[in-house]
Each structure stands twice: as C-alpha cells, then as structure tokens.
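**Q** Predicted model and sequence follow; I will ask about them next.
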Amino acid sequence: MKAAVLFGPRDLRITDFPAPPLAEDGVKVAVAYCGLCGTDFHKFAGKAGSRPVTYPVPLGHEVSGVVVEVGPRVKGFKTGDRVTVDPNWSCGCCDYCRDGKRHLCSSSRGVVKGMAEFICPPQENVYHLPDSLSLRDAALTEPLSCCLHGIDLLDVQAGETVGIVGCGAIGGLMLQLCRCKGAGKIIIFETNEDKREGAMALGASHFINPRTQNVADALAAAGIERIDRVMECGGLPVTAELALSVAGRGATVVLFGVSDKDAIVPLKWYDAFTKELVIKTSYINPATTSRAIALLTGGYIDTDTAISTVIEPEDLLEEMNTRRNSSRGKVLVKIKDFE
Ligand SMILES: [Zn+2]
Ligand SMILES: [Zn+2]
C-alpha cells in the first residue's frame, strides 16, 4: 500500500509500505482523512511523540475511514461501515487497566499509523460514525478526545474565567470546549497575531499577545483580576511559565502541550505555594472518544474554523517543512475520496 513513511529525522517519503496484518479481532479500514498532529511534527524533527518512535513508521494517527474487511472474531463492524479509531490500545489486564486508568497501561501501544491507505486496529479501538457526521469532520475525533480529557482535568465550572496559552489547532479546540463548559471569560495568550480574529470569532473575551504586550498590564486593562483555570497548549518552558504566572490564587493549571523529552518547567515554587496552585498534566484520551463524536455530531464544534485546510499526500512534506497551513489550525491529509 502507499503510505507517508518516516525513515528517520526529517526523512519522510511517500512510498510502498507493507499493509498491517489483519488479526482475528482486527478491522481493516481504508483511511479517508488523517489529521496532522503536533506530535507528528515532533516525530518528524526526530523527537518522541506520545511514545518513543521506531523507524520506519507511517506518520499520523487522527483518522476517519471506511471498513473494507473484518477479522473472523469481529462483531459489530462490517464492510462499508464509516468509522473513526482511537489510536491508543491498552491491555485491559495490567494493574493500571484494572484500576480504570487504561491510558496509563503498562503495555499500551499505538495501533493507528494513519498516513497510509489501510490500517488494521483491533475492534475495541474502532468507533461507528453517525451518518450525519462527515468523514472530514470525523478526523477531528482523536485530537478533540485528547482535548476533552484535558478539559475534564481542568474542571471548568460555568461562569469561571479561563486562560488558554497558545491558540493553535489544540488551543482553538480548547477554546470551543471552554465555551461548551460555560466559561464566563476566556483569555487567549498567543504571540501569533494572525490568530487574534479567529479566536475572538470563536468566543474569546480577550486576546493578549505576550510578545508585544505586558501581560499584567493587559489583564488589568481588561479588568481581569483573577484567572481560575489555565490550559497550557504550547509545550514549551516559556508557555508553561506564562500559564503558571497568570494563574490566580487557588487556580488549576493543566500542562497539556507535548514538551521536548528533557524540557523543564520553570516553576516559581514560592509563588505556587502562596497561590496554592493545582498543577496537572494530561496524557492522551481515556474513554473520551464517544463524547468527542457526540460533540462533533451535535454541531458544538465549529469544524470549518478548526480545520485550516485539506491537503493531498504529495503536499505533506512541504507542510512538514514549512508548517504553512498548520500555523492556522488542523491540517487534514485526504488519503482516499469517499464523499
Ligand atoms: Zn494527535
Ligand atoms: Zn494495561
């Protein structure tokens, strides 16, 4: 099959690659769309994604598609079904799995290498799509399910003031989810001015550019005395530092962005102590896939704003090198045209 395969750092080729074997409990899915994730850029640069990388490997894990074959033990899926897939498999029998923390499974692994014509995940990772949800929009399921876990951990209460640091594809989805949760005010901290208009259109109350504005002055000018919840979406020491510094007394901060492996969070310990901060991290998407599908189907997410563009596989390498479209939102690669 054709696939976009990473052979090493910055060595991405569209090439023939063996299709994954179909297990007895496997579902063979012809991929329609595969979203480009921040972790794909990490892997392309030679860093780890959610897990370490073993070359050669097709890029991508945010997929929608159509079932073309099922293993003999599969119940509930048949050829022609429209589906999306949770890329994270867990064993179900280790200590963590048995404690209901399947995302922390001792032998978890990725079962979707999605920039390819076919994937063969086990049936337990495959989810039906409602007819009314397009395959294009359904490719947002995985990133949205990860964001949902982060939002669950942030625990926004209706009417509270939320800060979001970084407003790329993920920050934009977080902004939409904060709206769903009934956040009273949403303050975006973002250095890319191109994102100001889109963020305000999605319902941000304020857009502060830490590169050109003094953050404390800008917050005071906006009449924001306290931020109750802060979502860090940059994955950089500087964005983590900003998230911790703007958090108010008693605030919860979720460090959501995927950092470099050896990155250190610059924590002002005494500040965190006197503010009694609750600091959390968020890892992948435990049991949030069905809710992500429901939000997309219910029209709660403005997918036209969330998706910056749809590109062909041939244009993938240029996008990886330039991030031209990714800087505006989620880029989808159209693998096969079903619609
Ligand atoms: Zn992702
Ligand atoms: Zn397990």
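**A** That came through fine. Ligands and ions are numbered 1, 2, ... in the order given.
**Q** neighbours of residue 264, just the number please.
**A** 9 (other C-beta atoms under 10 Å). Quick note: C-beta positions are derived from backbone N, CA and C, even for glycine.
**Q** With residue 132 instead?
**A** Using other C-beta under 10 Å: residue 132 sits among 10 other residues.
**Q** can you tell me which residues contact it?
**A** residue 297 (C-beta atoms under 8 Å, 6 or more residues apart in numbering).
**Q** Distance-wise, check it relative to ligand 1.
**A** 24 Å (C-beta to the ion, to the nearest Å).
**Q** quick one, phi psi at residue 128?
**A** The phi/psi pair for residue 128 (degrees, to the nearest 10) reads phi -70, psi 150.
**Q** was I right about it contacting residue 85?
**A** No. Counting by C-beta atoms under 8 Å, residue 128 stays clear of residue 85, with 11.0 Å between them.
**Q** Comparing those two, which residue is more hemmed in?
**A** Between residue 128 and residue 85, residue 85 has the larger neighbour count (other C-beta under 10 Å), namely 25 against 15.
**Q** so who does that one touch?
**A** By C-beta under 8 Å, 6+ apart, the neighbours of residue 85 are 29, 63, 65, 111-112, 114, 119, 121, 125-127, 142.
**Q** Can you tell me which of those end up in helices?
**A** residue 142 (DSSP state H).
**Q** so which of the contacts of residue 85 are also by ligand 1?
**A** Applying C-beta under 5 Å from the ion, the subset of those adjacent to ligand 1 is empty.
**Q** what about the stretch 151-300 of the chain, any weak spots by pLDDT?
**A** Applying pLDDT under 70 to the stretch 151-300 of the chain flags no residue at all.
**Q** how about the contacts of residue 85 in a markdown table, adding pLDDT, distance to residue 298 and neighbour count?
**A** Listed next are those as a markdown table, based on pLDDT from 0 to 100; distance: C-beta to C-beta, whole Å; neighbours: other C-beta atoms under 10 Å:
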| residue | pLDDT | distance to residue 298 | neighbour count |
| --- | --- | --- | --- |
| 29 | 98 | 24 | 28 |
| 63 | 98 | 21 | 30 |
| 65 | 98 | 22 | 31 |
| 111 | 96 | 27 | 20 |
| 112 | 97 | 24 | 28 |
| 114 | 97 | 25 | 31 |
| 119 | 98 | 27 | 30 |
| 121 | 98 | 25 | 25 |
| 125 | 98 | 23 | 20 |
| 126 | 98 | 21 | 25 |
| 127 | 98 | 15 | 18 |
| 142 | 98 | 18 | 29 |
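**Q** Fine by me, thanks again.
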